[in-house]
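> any chance you could fold what I've pasted below:
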Amino acid sequence: MLLGSIFEPFIHSSPLSIMSRALLERVLASESLDALFRQHAEHQYTRELLFSSVVDLMSLVVCGKHGTVRAAYRAQRERLPVSLTSVYNKLAGIETDVSAELVRYSAGQLQPVLRELGAGLPEPIAGYHLRILDGNKLAGTQHRLPETRDDAAAPLPGQTLAILEPSWMLISDVLPWEDAYVQERALLDYIVAKIRERDLWLADRNFCVRRFLLQIAARDAFFIIREHAQFTWNCNTRLRRKGRTPAGTVLEQRLWFTEDDGQVYYLRRVVLRLDEPTREGETEIVLLTNLPDDVYAQTVAEAYRKRWTIEGAFHELTETLACEVDTLCYPKAALFAFCVAVVAYNMQSVLKGALRAVHGAPKVQEEVSAYYLADEIAGVYRGMMIAIPAPHWEAFRTLAVAEFAALLRDLAAKVDLVRLQKARSNPKKPKRKRRYNRKRPHVSTFRLLQGRKGTRQGTKQ
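Below is the predicted model:
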């Protein structure tokens with residue numbers, strides 16, 4: 001163990017908190033972040049407030065260690081040489097390219113650690129690198145802009161496209177966009193440059209755009225994308241049954257379409273007829289893919305279920321990490337907060353990876369709650385930072401990847417998974433119809449309870 005005696009109490013009481021702070025020190029080292037800012041910022045510059053200080057401040061908010069930017073500022077007041085207004089001005093001016101680069105940088109730093117831990121997850125289809133694309137509109141913020149004070153509509157500060165790599169459970173890239181009204185399809189040209197050979201792109205029907213599909217194929221990559229109702233095609237073959245998956249029956253047919261230049265393109269159309277309808281009442285999921293025939297239709301249908309992985313990531317960002325700070329009404333500030341939350345999510349993925357490496361992937365994936373994991377870290381963090389001053393953490397920056405991974409593995413072995421166990425919920429009962437009485441819009445809870453007691457006493461008699 002590379003840790004000194006000052007860490008000893010927390011090694012036994014909350015090893016996860018040490019792991020989290022060590023990752024924070026390694027990934028968000030001030031020198032690296034300030035260099036990243038100098039390299040990618042075009043208009044904003046550093047005067048007194050360093051970019052690394054702003055990242056550190058926002059990380060305290062998105063990880064739940066402080067509830068608001070103001071509270072985090074007050075806690076860090078001695079380290080910040082500027083006023084709170086200057087902090088907000090800095091946040092409002094951080095360029096989206098800088099925020100996106102922060103996410104890419106974090107994934108690049110963390111992936112080697114996961115690889116050294118041996119914590120990678122198998123690809124759903126061997127030989128193809130799955131990348132899941134999805135969009136997320138940031139929730140409406142508080143009415144801080146003068147133009148919105150008399151309007152009941154919630155101001156939307158922007159949206160993002162995110163790319164999740166399930167083999168590492170890392171969000172490796174994001175495209176922050178300030179205009180929340182721009183359609184996701186209009187942003188796909190920015191995604192094309194990120195396509196690599198043998199990639200397998202998985203996305204919902206919003207991204208079922210013919211031009212995008214052809215651009216993927218032109219780069220010797222592949223896709224599984226849900227069919228959009230407006231996608232037109234021709235077909236000479238009927239649907240043929242190909243077997244079953246746990247979700248339903250799988251059918252397949254081959255389709256083709258012609259581009260303006262006269263060239264004909266062929267695709268596979270896979271239909272999953274569900275045994276039980278979705279929450280929206282849909283009974284079929286229709287997928288388009290250019291995967292070769294040796295990848296069975298059942299495999300294609302099962303792989304699409306991985307799309308819910310990124311939905312879970314967005315849920316985790318919203319519920320366990322404060323990715324949407326509703327007091328940040330300016331788009332650049334709100335998108336920066338989202339990207340810092342993505343960095344925190346990536347670090348949590350490494351924590352889970354270390355736990356998988358020690359306790360086994362099935363146990364961690366099925367039993368560990370992201371909420372309780374984040375809650376334990378947030379609850380211990382403040383006291384730990386008082387007990388262990390900042391200089392003691394600097395050694396984590398220079399550790400070799402192998403040494404750092406070994407340290408995480410040692411600490412993960414001391415984590416009590418029972419404290420992180422998911423709560424078991426019973427199946428939801430069907431909603432009961434409630435009667436509404438205009439003459440009695442409310443009731444006294446006390447009298448209801450008194451009536452319950454009276455019923456019980458009458459029953460006993």
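> alpha carbons only for contacts and neighbour counts from here, please
OK.
> which residues of the stretch 51-200 of the chain fall in strands?
With strands called from DSSP state E, counting those that start in this stretch, the stretch 51-200 of the chain shows them at 129-137, 159-165, 170-177, 199-203.
> check these for me and report the most buried one.
Ranked by mean neighbour count, the strands of the stretch 51-200 of the chain are led by strand 170-177 with a mean of 25 (mean count of other Cα atoms under 10 Å).
> can I get that one as CSV, trimmed to CA atoms?
As requested, C-alpha coordinates have been extracted for strand 170-177 and formatted as CSV (Å, rounded to 0.1, in the frame of the first residue of the first chain):
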residue,chain,number,x,y,z
LEU,A,170,-17.0,5.8,-20.5
ILE,A,171,-18.6,8.8,-22.2
SER,A,172,-15.7,9.4,-24.5
ASP,A,173,-17.0,12.5,-26.4
VAL,A,174,-19.7,15.1,-26.3
LEU,A,175,-21.0,17.8,-28.7
PRO,A,176,-22.3,20.7,-26.6
TRP,A,177,-24.7,22.9,-28.5
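> tell me which strands it pairs with, and in which orientation.
Applying DSSP bridges, strand 170-177 is found paired with strand 159-165 (antiparallel).
> residue 299 and residue 125 touch, don't they?
Yes: with contact taken as Cα atoms under 8 Å, residue 299 and residue 125 are classed as touching, separated by 7.5 Å.
> can you list the domain ranges for the chain.
Annotated domains of the chain cover 5-145+157-231+306-412, 232-286 [automatic domain parsing].
> out of those, deepest packed?
domain 5-145+157-231+306-412 (a mean of 18).
> straight-line length of it, end to end?
End-to-end span of domain 5-145+157-231+306-412 (Cα to Cα, to the nearest Å): 18 Å.
> for the stretch 101-250 of the chain, give me the ranges with low pLDDT.
Within the stretch 101-250 of the chain, the stretches with pLDDT under 70 are 143.
> need the helices for it, in chain order.
Using DSSP state H, counting those that start in this stretch, the helices of the stretch 101-250 of the chain run over 188-192, 210-218.
> from the chain's centroid, how far away is the first one?
The chain centroid and the centroid of helix 188-192 are separated by 20 Å under Cα atoms, centre = their mean, to the nearest Å.
> packing partners of that helix?
If you count contacts as 3 or more Cα pairs under 8 Å, 6 or more residues apart in numbering; DSSP states H and E, helix 188-192 packs onto helix 210-218.
> just the angle between the helix it packs on and strand 199-203, please?
160 degrees (axes from the mean of the first three to the mean of the last three Cα atoms, to 10 degrees).
> for residue 105, which residues are in contact?
Applying Cα atoms under 8 Å, 6 or more residues apart in numbering to residue 105 gives no contacts.
> of the strands of the stretch 51-200 of the chain, which is nearest residue 414?
Evaluated with Cα to Cα, the strands of the stretch 51-200 of the chain place strand 170-177 nearest to residue 414, the distance being 24.2 Å.
> now the angle from that closest one to strand 129-137?
Using the same axes, to 10 degrees: strand 170-177 against strand 129-137 is 40 degrees.
> what's strand 170-177 in contact with?
With contacts defined as Cα under 8 Å, 6+ apart, strand 170-177 is touched by 96-97, 99-100, 103-104, 107-108, 111, 158-165, 190, 335, 339, 342, 345-346, 349.
> how far out from the middle of the chain is that strand?
In this view, strand 170-177 has its centroid 9 Å away from the chain centroid, taken as Cα atoms, centre = their mean.
> ok, now stretch 82-95?
Put simply, stretch 82-95 sits 25 Å off its chain's centre (Cα atoms, centre = their mean).
> now that stretch: average pLDDT?
What stretch 82-95 shows for mean pLDDT is 92.
> tell me what residue 264 is bridged to.
Beta-bridge partners recorded for residue 264 (DSSP bridges): residue 258.
> OK, contacts around it?
Residues counted as contacts of residue 264 (Cα under 8 Å, 6+ apart) are 256-258.
> columns pLDDT on top of those residues, output as CSV?
Supplementary listing: those in CSV, determined by pLDDT from 0 to 100:
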residue, pLDDT
256, 92
257, 89
258, 88
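> need these in JSON lines with distance to residue 227, can you?
As requested, the contacts of residue 264 are exported to JSON lines (distance: Cα to Cα, whole Å):
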{"residue": "256", "distance to residue 227": "14"}
{"residue": "257", "distance to residue 227": "14"}
{"residue": "258", "distance to residue 227": "17"}
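> not counting sequence-adjacent ones, nearest residue to residue 109?
Residue nearest to residue 109 in three dimensions, not counting chain neighbours: residue 27, with 6.4 Å by Cα to Cα, 6 or more residues apart in numbering.
> so the one you found sits against residue 106, correct?
Yes: proximity of residue 27 to residue 106 meets the contact threshold set by Cα under 8 Å, at 6.1 Å.
> what is the distance between stretch 232-248 and the centre of its chain?
Distance of stretch 232-248 from its chain centroid, counting by Cα atoms, centre = their mean, is 32 Å.
> start to end distance for it?
Stretch 232-248 end-to-end distance (Cα to Cα) = 25 Å.
> thinking again about what came up before, of the strands of the stretch 51-200 of the chain, give the one that comes closest to residue 314.
If we rank the strands of the stretch 51-200 of the chain by Cα to Cα, the stretch that ends up nearest is strand 129-137, at 7.8 Å.
> contact partners of the closest one?
By Cα under 8 Å, 6+ apart, strand 129-137 touches 123-124, 156, 158-167, 180, 184, 198-204, 307, 310, 314.
> let's go with 7 Å and repeat that
Under the contact criterion Cα atoms under 7 Å, 6 or more residues apart in numbering, strand 129-137 has outside partners 123, 158-166, 180, 184, 198-203, 307, 310.
> then stretch 288-299?
222-227, 242-245, 250, 252, 267-270.
> what's the distance between it and the middle of its chain?
27 Å.
> list the buried residues for it?
Judged by neighbour count using 16 or more other Cα atoms under 10 Å, the buried positions of stretch 288-299 are 288-291, 297-298.
> re earlier: could I get the domains of the chain as a markdown table with distance to residue 434?
Formatted as a markdown table, the domains of the chain follow (distance: least, Cα to Cα, whole Å):
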| stretch | distance to residue 434 |
| --- | --- |
| domain 5-145+157-231+306-412 | 29 |
| domain 232-286 | 22 |
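> to residue 436, which of the ones you listed lies closest?
Nearest to residue 436, of the domains of the chain and by Cα to Cα, is domain 232-286 at 26.7 Å.
> thinking again about what came up before, wait, which of the strands of the stretch 51-200 of the chain is closest to residue 444?
When the strands of the stretch 51-200 of the chain are compared by Cα to Cα, strand 129-137 sits nearest residue 444, at 40.9 Å.
> in its sheet, what does that closest one sit against?
Here strand 129-137 is paired, per DSSP bridges, with strand 159-165 (antiparallel), strand 199-203 (parallel).
> element containing the most centrally placed residue in the chain?
With distances taken as Cα atoms, centre = their mean, the residue of the chain nearest its centroid is residue 313 (3.1 Å). Taking DSSP states H and E as the criterion, residue 313 maps to helix 307-319.
> quick one: list the elements packing against the following helix or strand past that helix.
Following helix 307-319 in sequence order, the next helix or strand is helix 331-359 (DSSP H and E). Helix 331-359 sits against helix 51-62, helix 84-93, helix 96-117, strand 170-177, helix 401-412, with contacts defined as 3 or more Cα pairs under 7 Å, 6 or more residues apart in numbering; DSSP states H and E.
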